[in-house]
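In: Structural data only, the sequence is not supplied:
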Ligand code: BG6
């Protein structure tokens with residue numbers, strides 16, 4: 001654990017402080033960090049939004065939010081103590097008025113708390129306002145290049161394609177240097193996603209086999225039982241490819257496939273991830289329909305703020321290959337969908353079948369391949385599937401699994417994603433945030449597929465809610481299984 005005595009003191013400024021994200025995620029996470037004693041003493045939250053509140057009246061709505069969403073009973077003494085560090089400033093973020101006042105407030109708190117000009121800005125607003133806010137942060141000198149440090153935390157979508165991502169990036173980098181941009185991908189702080197490198201590095205039974213000589217294929221799956229809910233306005237322009245594949249699934253792929261860095265430094269981890277993302281083999285136009293299956297759940301068109309004839313995909317399955325010696329001939333299958341049978345995220349690593357040269361001869365034909373299943377959610381843990389002799393027989397083989405259930409260890413309370421994200425940012429650890437190079441590589445690769453999907457709306461197949469998704473997705477993997485039997 002980080003040494004609290006050296007945890008950097010800073011001011012945490014939220015733009016969009018009355019919105020859903022702040023109420024559901026940010027304030028509860030800050031409260032939990034306070035409860036766990038993880039926040040620096042010299043720390044304050046400055047909540048900004050358009051509505052008129054005093055510090056006191058904002059603290060009341062903040063308390064309601066924390067009570068409702070923090071997942072534990074509010075401890076009054078902790079809340080009272082946090083309240084002394086929570087301030088409100090009224091500001092319409094796309095207008096100049098209010099920024100000068102914010103500067104005065106930050107300077108006052110900097111002096112009082114000795115926070116030395118260290119400022120984190122969290123933009124809990126729609127991405128179209130990112131540029132406007134960062135320009136004003138500069139214009140009104142809320143950051144001082146010669147004093148302290150400053151960081152910007154933002155949420156996706158980081159563009160809708162490579163071109164718009166570049167525009168957004170150039171808006172932000174006018175003011176913030178790349179190393180000060182903390183682009184959130186909340187999958188990167190999921191406990192088992194963080195565990196991936198440890199599982200690989202600390203188990204000699206896996207890492208030497210982590211390549212195409214021993215691995216047949218890898219599946220990266222993230223399914224959801226819920227539909228799009230009330231997010232139609234955003235989702236209908238996004239779809240599963242942009243909403244889940246371009247970021248979360250490709251990030252999990254990068255962490256699974258990358259060469260192991262020789263340290264956990266932000267730069268080393270990112271460098272290895274970027275190499276793998278750049279190794280994604282572009283899918284040829286005439287192969288896309290063989291390697292990509294798209295679907296839309298029945299009833300999607302009736303969702304609020306969805307176009308009546310929308311071809312937006314709510315399901316995507318893809319066969320992906322990497323141009324890298326470690327992964328030659330190893331397909332990665334990515335699959336994600338909404339309104340399917342259950343919520344589940346996991347990575348399945350399927351090893352090759354045992355060679356039929358032992359004394360077991362043909363019996364091995366019936367043996368299952370070994371599998372390592374990394375369970376990310378809802379259960380956290382991993383499972384290894386081995387083969388053993390069926391009791392009472394001499395040469396019959398049956399698979400057995402060894403299952404480690406991390407979430408069953410009741411005393412270990414997995415911290416919420418936003419707690420980890422905020423703490424990492426305070427500590428200046430950007431290894432679980434997305435670098436521009438990763439965005440550029442993933443958008444470059446996926447743009448071809450989204451363009452193809454746009455031109456071929458007939459490729460989007462409907463599937464019943466609560467099903468496994470379109471049958472054609474199963475076919476994709478089956479083709480690989482057939483290959484395996486040959
Ligand atoms: C978000 C997507 O990034 O991730 C949502 O925008 C999706 O559409 C969510 O539902 C899934 O996150 P999790 O943590 O519930 O798997």
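Out: Perfect, thanks for sending it. Just so it is clear, the structure is predicted and the values come from calculations on it, not from any experiment.
In: can we go C-alpha only for contacts and neighbour counts from here?
Out: Will do.
In: Pull the residues that contact stretch 265-279.
Out: Stretch 265-279 has contacts (Cα atoms under 8 Å, 6 or more residues apart in numbering) with 250-251, 254-255, 257-263, 322-324, 429-431, 435, 437-438, 441-442.
In: Got a quick ChimeraX command for the buried subset of those?
Out: Only the buried entries of those go into this ChimeraX selection, using 16 or more other Cα atoms under 10 Å:
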select :250,251,254,255,257,258,259,260,261,322,323,324,430,431,435,437,438,441,442
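In: what's the longest helix along the chain packed up against?
Out: Looking across the chain with DSSP state H, the single longest helix is helix 436-455. Applying 3 or more Cα pairs under 8 Å, 6 or more residues apart in numbering; DSSP states H and E, one finds that helix 436-455 contacts helix 162-173, helix 266-278.
In: okay, those helices, which one's buried deepest?
Out: Neighbour counts (mean count of other Cα atoms under 10 Å) averaged over each of the helices and strands packed on helix 436-455 peak at helix 266-278, with a mean of 20.
In: Contacts only, for residue 154.
Out: Counting by Cα under 8 Å, 6+ apart, residue 154 makes contact with 122, 123, 124, 181, 182, 183, 184.
In: which two in those residues are spaced the farthest apart?
Out: Longest distance between any two of the contacts of residue 154 is 14.3 Å, between 124 and 181; criterion Cα to Cα.
In: returning to what we had before: how about residues contacting the longest helix of the chain?
Out: With Cα under 8 Å, 6+ apart, helix 436-455 has contacts from 161-162, 165-166, 169, 178, 241, 246-247, 250, 273-274, 277-278, 280-283, 285, 288, 311, 459-460.
In: again, only this time at 7 Å
Out: Residues from elsewhere that reach helix 436-455, judged by Cα atoms under 7 Å, 6 or more residues apart in numbering: 161, 162, 246, 274, 277, 278, 282.
In: Next one: the closest residue to the third one other than its chain neighbours from residue 326, what distance?
Out: Meaning residue 246. Of all residues not flanking residue 246 in the chain, residue 442 sits nearest, at 5.8 Å (Cα to Cα, 6 or more residues apart in numbering). Residue 442 sits 20 Å away from residue 326, taking Cα to Cα, to the nearest Å as the criterion.
In: Equivalent analysis for residue 203, please.
Out: Computed as Cα to Cα, the residue 203 to residue 326 distance reads 18 Å.
In: do residue 305 as well
Out: Residue 305 is 45 Å from residue 326, where distance means Cα to Cα.
In: quick revisit: now for the contacts of helix 436-455, which pair is the farthest apart?
Out: 161 and 274 (17.9 Å).
In: Backbone dihedrals for residue 334, both of them.
Out: phi -110, psi 140 (degrees, to the nearest 10).
In: quick one: low-confidence parts of the stretch 1-150 of the chain?
Out: 1-6 (pLDDT under 70).
In: Spell out the residue ranges of the helices in it.
Out: Taking DSSP state H, counting those that start in this stretch as the test, the helices found in the stretch 1-150 of the chain are 20-21, 27-35, 55-69, 76-83, 99-113, 130-139.
In: Would you list the phi and psi of residue 252?
Out: phi -70, psi -40.
In: To clarify, my last question referred to residue 124.
Out: phi -90, psi 50.
In: ok, so what distance separates it from residue 283?
Out: 35 Å.
In: Find the nearest non-adjacent residue to the residue nearest in space to the middle of the chain, please.
Out: Centroid-nearest residue in the chain: residue 187, 2.6 Å away (criterion: Cα atoms, centre = their mean). Residue nearest to residue 187 in three dimensions, not counting chain neighbours: residue 248, with 5.9 Å by Cα to Cα, 6+ apart.
In: residues near residue 309, how many?
Out: Residues within reach of residue 309, counting by other Cα atoms under 10 Å, total 9.
In: Let me see the contact set for it.
Out: residue 301.
In: Need the three-state assignment for it.
Out: When classified by DSSP: H, G, I helix; E, B strand; the rest coil, residue 309 comes out as coil.
In: For it, give me phi and psi.
Out: Torsion angles, degrees, to the nearest 10, at residue 309: phi -120, psi 30.
In: Check residue 322 too.
Out: Dihedral angles (degrees, to the nearest 10) for residue 322: phi -120, psi 140.
In: From residue 213, how far out is the nearest residue to it once chain neighbours are set aside?
Out: In space, and not counting its chain neighbours, residue 322 is closest to residue 280: 4.7 Å by Cα to Cα, 6+ apart. Residue 280 is 19 Å from residue 213, where distance means Cα to Cα.
In: Looking at these two, which has the bigger crowd around it?
Out: Using other Cα under 10 Å, the more surrounded residue of residue 280 and residue 213 is residue 280, with 20 against 15.
In: quick one, phi psi at the closest residue to residue 469 other than its chain neighbours?
Out: Nearest residue to residue 469, sequence neighbours excluded (Cα to Cα, 6+ apart): residue 463, at 5.5 Å. Reported as degrees, to the nearest 10, the phi and psi values for residue 463 are phi -140, psi 150.
In: so who does residue 463 touch?
Out: Contact partners of residue 463, counting by Cα under 7 Å, 6+ apart, are 295, 296, 297, 298, 469, 470.
In: Give me the neighbour count for the third one.
Out: Other residues within reach of residue 297, judged by other Cα under 10 Å, total 24.
In: That one and residue 465 touch, don't they?
Out: Yes: with contact defined as Cα atoms under 7 Å, residue 297 counts as touching residue 465 (5.6 Å).
In: Now for those two: what residues contact both?
Out: residue 339.
In: Quick check: of the contacts of residue 463, which has the highest neighbour count?
Out: Going by other Cα under 10 Å, residue 469 tops the contacts of residue 463 with 30 neighbours.
In: now the strands for the stretch 351-486 of the chain?
Out: 371-377, 381-389, 397-405, 433-434, 460-463 (DSSP state E, counting those that start in this stretch).
In: Of all these, which one comes closest to residue 41?
Out: strand 433-434 (25.1 Å).
In: Could you list every helix and strand in contact with that closest one?
Out: Judged by 3 or more Cα pairs under 7 Å, 6 or more residues apart in numbering; DSSP states H and E, the packing partners of strand 433-434 are strand 181-184.
In: Name the next helix or strand downstream of the strand it packs on, please.
Out: Note on strand 181-184: by DSSP states H and E, the next helix or strand toward the C-terminus is helix 191-202.
In: quick check, distance from that following helix to the centre of its chain.
Out: Helix 191-202 has its C-alpha centroid displaced from the chain centroid by 15 Å (Cα atoms, centre = their mean, to the nearest Å).
In: Pull out the buried positions in it.
Out: Here helix 191-202 shows 191, 192, 193, 194, 197, 199, 200, 201 as buried, counting by 16+ other Cα under 10 Å.
In: between those residues, which is closest to residue 209?
Out: Once Cα to Cα is applied, the member of the buried residues of helix 191-202 that ends up nearest residue 209 is residue 200, at 9.9 Å.
In: What sits closest to the closest one if chain neighbours are left out?
Out: residue 207 (5.3 Å).
In: same thing with residue 226?
Out: residue 339 (4.7 Å).
In: a markdown table for the buried residues of helix 191-202, including distance to residue 372 and pLDDT?
Out: Converted to a markdown table, those look like this (distance: Cα to Cα, whole Å; pLDDT from 0 to 100):
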| residue | distance to residue 372 | pLDDT |
| --- | --- | --- |
| 191 | 17 | 91 |
| 192 | 13 | 94 |
| 193 | 14 | 95 |
| 194 | 16 | 92 |
| 197 | 14 | 93 |
| 199 | 11 | 93 |
| 200 | 11 | 92 |
| 201 | 15 | 91 |
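In: Right, I'll leave it there.
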